[in-house]
Each structure stands twice: as C-alpha cells, then as structure tokens.
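> have a look at this fold, sequence not included:
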C-alpha cells in the first residue's frame, strides 16, 4: 500500500475578503473529496482569535494522489481565484505519528 | 446537536526524549479514542524537517466531551509522564470551516 501524504497548510487571508475566500475554499474541498478517490481528508479551521488565519489538515492516499490533485480543474480554479486574497501561505510537510478518526 | 470542539496543539519535544514521548502520546490517543465516545479525532503528525515539532489536530463532540477528557486517568497519566519532555506547548482554539474525512 502506498504511503499516505499528509500536509498542513497555514494561511493568512486578507480580512476584507474572508467570506469570498471561504466560499471558494469550501467549493474546492467539496469537489476534491467528491471527485478524487485519493483525497482522504481536507479539514479546514480558522483561529478563534484571528479568523483570518486558517489551518488546513490534508491527507492524501499517496504522493501520486497529491500530485494529481494539483492538476485538477477545481484546484486550479481555486488557486487562481484566491491568489490575491492570500496574504501568506506556509506549507508544512509532516509525517504521521497517528491518524485516527471516528 | 452540541457544537463540536476543535483544537490544534503544537508541541516541541526534547529531542533526546522523542521516542519515549511518542510512545506515551500514542498510548494516550489509543485509550482516548477507545474509551471516550466524545473523542472524535486525534491526529498527530511530526514536521519532516523538525521531527521534534508535533502538531495534533483534535476534534471532540462537544465542550463537555473535551472537559471530561481532561479528567480521565489516561490523559492525566500522559500529562504527568510527559511533563518534563515538552519544551513548548501552544494550544490554538479554532472554529471549523469544513471538516471532512473518508
């Protein structure tokens, strides 16, 4: 079985565009989970004290699934549409210690 | 239905104690998921470039479930046993934007 690929994205969004950004993000996440069998988890949260700071916890079935995701029309649409809303983006490559959901 | 409680914990572990810390963390996570119906997700990852930096993504069924978790013997054992292994701990209260797992 291929090794899962896990990543954390930390974003800071232009606070004047946060609603528009969240709508585009949710649309992209819905499409990814529905259309891509290799997208296993997309979990986005906003800091309570700084709602313009988002954290996205992402799990893909394999590196290939992740790389395929980057070429999908829904991802490219999101990336293009949100480019000027994202003030900062930090991608953290991580290795699973334990992944458990009910 | 009660609102879910989501939290991110960012930890920096004494690099000389990382194996012992991970073993205690995994034991605590297993017990929490098995024994507590209100613990919905515990997902721990380590930064690839800094394996002593851990991120834990935590989802509880409600605030009450989270508060009950803090009083369980397995959590208290973990907290006590790891106290001198944890060099830094940052707890981030977050609100869900979208939580999806397959």
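Great, that's in hand. Source: prediction; values computed, not measured. Numbers count the residues shown, from 1 in each chain, chains lettered A, B, ... in the order given.
> which element is the residue positioned nearest the centre of chain A on?
The central residue of chain A, meaning the one whose C-alpha is nearest the mean C-alpha position (Cα atoms, centre = their mean), is residue A:56 at 5.0 Å. In this assignment (DSSP states H and E), residue A:56 forms part of strand A:53-60.
> what's the answer for residue A:81, then?
Under DSSP H and E, the secondary-structure element containing residue A:81 is helix A:73-82.
> could you give the mean pLDDT of that helix?
The average pLDDT within helix A:73-82 is 98.
> what packs against the next helix-or-strand element following that helix?
Past helix A:73-82, further along toward the C-terminus, the next helix or strand under DSSP H and E is strand A:86-101. In this structure, strand A:86-101 makes packing contacts with strand A:5-13, helix B:18-35, strand B:39-47, strand B:53-60, judged by 3 or more Cβ pairs under 8 Å, 6 or more residues apart in numbering or on different chains; DSSP states H and E. Bear in mind the C-beta positions are built from the backbone N, C-alpha and C, glycine included.
> buried residues in strand A:86-101?
Across strand A:86-101, burial judged by 16 or more other Cβ atoms under 10 Å in any protein chain shown covers A:92, A:94, A:97, A:99, A:100, A:101.
> residues contacting residue A:74?
A:27, A:28, A:31, A:32, A:35 (Cβ atoms under 8 Å, 6 or more residues apart in numbering or on different chains).
> now the helices and strands packed on strand A:86-101 in TSV, with distance to residue A:42 and mean pLDDT?
Conversion of the helices and strands packed on strand A:86-101 to TSV gives the following (distance: least, Cβ to Cβ, whole Å; pLDDT from 0 to 100):
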stretch	distance to residue A:42	mean pLDDT
strand A:5-13	10	97
helix B:18-35	21	97
strand B:39-47	13	97
strand B:53-60	12	98
